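Engineer: I'll drop the sequence and a predicted model, then ask my questions.
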Amino acid sequence: RKLWDSLCKFRKAATRAGRNDATELELAAPSSYTRACAYSYCERLGLDARKVVKEVGSRIQTSVVVTLKPDSPLAAADSPEWPGASRKRKADSPPEEDDCGPAAAANALAATAAAGAPGAAQSSASARKQQVKELHACAARSDAAGALAVFDRMNAAGVAPQDSDCSVLLHLCGACDPPRATDARRIWEAARAAGVALKEPSWSCYIRVLCAAGELEYAEAVLDEMAAGGCGRVRLRTVTPLLAAAAERGDAALGESACARLAVAGVPLGEAEYLQLIRLHAVRGDGSAVEAVLRWMMGEVSAVTDAGLGELRAA
């Protein structure tokens, strides 16, 4: 703001002096951000600005020299308002009461679905902002029921959840005990039916919910769809729930399938995943398989943590 005021005062004085070619203002501008602001403000005020670099002793000093553009229509005009003033007014103004609370968000969504009233786009943006705020508040409290209530209001208004909404909702569904697989399926199907492009976090969260709920075949089908181009690259956290389920059940076939999926995706196992495989074969009483995994692990993991050594002894 001080920079803007200095430029406005200079322009006013230079215009009155009538010595446009001889009048100039030199501003210290050590940072590229300050120089960018100076160039932008000068353009708005009808001023010329150029960068000047000088050697002052052992230091390099960078500044911006400002002059008045001859015959500029902006130079004769009154000083415009500082560009940040409108943003400051918006930040300082109190929020409208109608934009607050779940009921207001639902009403705005319904108005958007009806489409036709003036300002529908603004109402939609306001409602969307309120939804995001409520979902993040629910996530901070680990409040799955509250987040699902937000989703239900969106659904009733005919508004599909976006990818970021899905990742939050699905994460909360998976964090419940027992996991809320039915609600996760509702969220997933609503987003897919609306053609929402879901990214890796949403896919990984959904697979984790399904594995926690014991729906392993469906989880593998979703993973196959993902690997076939549903969202992009499969990550370690996408497949880890299948390995955990295999270790819990002693299911060697499922563990082998999970490892094969990671190999196809080019994702190496970490210490935790090797330990899950060791637990899997220990549950089955297959000592040779445990030894094979240990040898594999030693070739890939440079050092095992103390916690990992404790799990190995327990297995």
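Structural biologist: Ah, there it is. Numbers count the residues shown, from 1 in each chain.
Engineer: For the residue lying closest to residue 311 once chain neighbours are set aside, the count of nearby residues, please.
Structural biologist: Leaving aside its chain neighbours, residue 311 sits nearest to residue 275 (5.1 Å; criterion: CB to CB, 6 or more residues apart in numbering). Using the backbone N, CA and C atoms, a C-beta is placed for each residue, glycine as well. Burial of residue 275 is recorded as 23 neighbouring residues (other CB atoms under 10 Å).
Engineer: Can you tell me how far residue 275 is from residue 46?
Structural biologist: With the distance defined as CB to CB, to the nearest Å, residue 275 ends up 69 Å from residue 46.
Engineer: picking up where we left off before, residues in contact with the residue nearest to residue 311?
Structural biologist: Listed by CB atoms under 8 Å, 6 or more residues apart in numbering, the contact partners of residue 275 are 308, 311, 312, 315.
Engineer: how about 7 Å then?
Structural biologist: If you count contacts by CB atoms under 7 Å, 6 or more residues apart in numbering, residue 275 has them with 308, 311, 312.
Engineer: Could you report the neighbour count for the second one?
Structural biologist: Per other CB under 10 Å, the neighbour tally for residue 311 reads 17.
Engineer: What residues sit buried inside the helix or strand where it lies?
Structural biologist: Secondary structure assignment for residue 311, by DSSP states H and E: helix 306-314. For helix 306-314, a neighbour-count test (16 or more other CB atoms under 10 Å) marks 308, 311, 312 as buried.
Engineer: Output those residues in CSV; the columns should cover distance to residue 292 and pLDDT.
Structural biologist: Written out in CSV, the entries for those read as follows (distance: CB to CB, whole Å; pLDDT from 0 to 100):
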residue, distance to residue 292, pLDDT
308, 18, 77
311, 18, 80
312, 14, 78
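Engineer: quick one on the thing from earlier: against residue 294, how distant is the residue nearest to residue 311?
Structural biologist: From residue 275 over to residue 294 the distance is 10 Å, taken as CB to CB.
Engineer: Can you name the helix or strand that residue 280 falls in?
Structural biologist: With DSSP H and E as criterion, residue 280 is part of helix 271-284.
Engineer: With just CA atoms, put that helix into PDB.
Structural biologist: Once side chains and other backbone atoms are set aside, the C-alpha atoms of helix 271-284 remain, and they are given as PDB (Å, rounded to 0.1, in the frame of the first residue of the first chain):
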ATOM      1  CA  GLU A 271       9.300 -52.900   5.700                       C
ATOM      2  CA  ALA A 272       5.600 -53.000   6.800                       C
ATOM      3  CA  GLU A 273       4.600 -55.000   3.800                       C
ATOM      4  CA  TYR A 274       7.400 -57.500   4.200                       C
ATOM      5  CA  LEU A 275       6.300 -58.000   7.800                       C
ATOM      6  CA  GLN A 276       2.700 -58.600   6.700                       C
ATOM      7  CA  LEU A 277       3.900 -61.300   4.400                       C
ATOM      8  CA  ILE A 278       6.000 -62.900   7.200                       C
ATOM      9  CA  ARG A 279       2.900 -62.900   9.500                       C
ATOM     10  CA  LEU A 280       0.900 -64.400   6.700                       C
ATOM     11  CA  HIS A 281       3.200 -67.400   6.300                       C
ATOM     12  CA  ALA A 282       3.800 -67.700  10.100                       C
ATOM     13  CA  VAL A 283       0.100 -68.100  10.600                       C
ATOM     14  CA  ARG A 284       0.100 -70.900   8.000                       C
END
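Engineer: what about residue 296, which SS state?
Structural biologist: Secondary structure for residue 296, judged by DSSP: H, G, I helix; E, B strand; the rest coil, is helix.
Engineer: which ones are touching the residue lying closest to it once chain neighbours are set aside?
Structural biologist: The spatial neighbour of residue 296 that comes closest, neighbours along the chain excluded (CB to CB, 6+ apart), is residue 274 at 7.2 Å. When contacts are counted by CB under 7 Å, 6+ apart, residue 274 touches 293, 297, 301.
Engineer: By neighbour count, which of these wins?
Structural biologist: Each of these was scored by neighbour count (other CB under 10 Å); the top score is that of residue 293, with 23 neighbours.
Engineer: do you know how far that residue is from residue 286?
Structural biologist: For residue 293, the distance to residue 286 - CB to CB - is 10 Å.
Engineer: For the helix or strand harbouring residue 257, name the packing helices and strands.
Structural biologist: Residue 257 belongs to helix 252-265 when elements are defined using DSSP H and E. With contacts defined as 3 or more CB pairs under 7 Å, 6 or more residues apart in numbering; DSSP states H and E, helix 252-265 has these neighbours: helix 236-249, helix 271-284.
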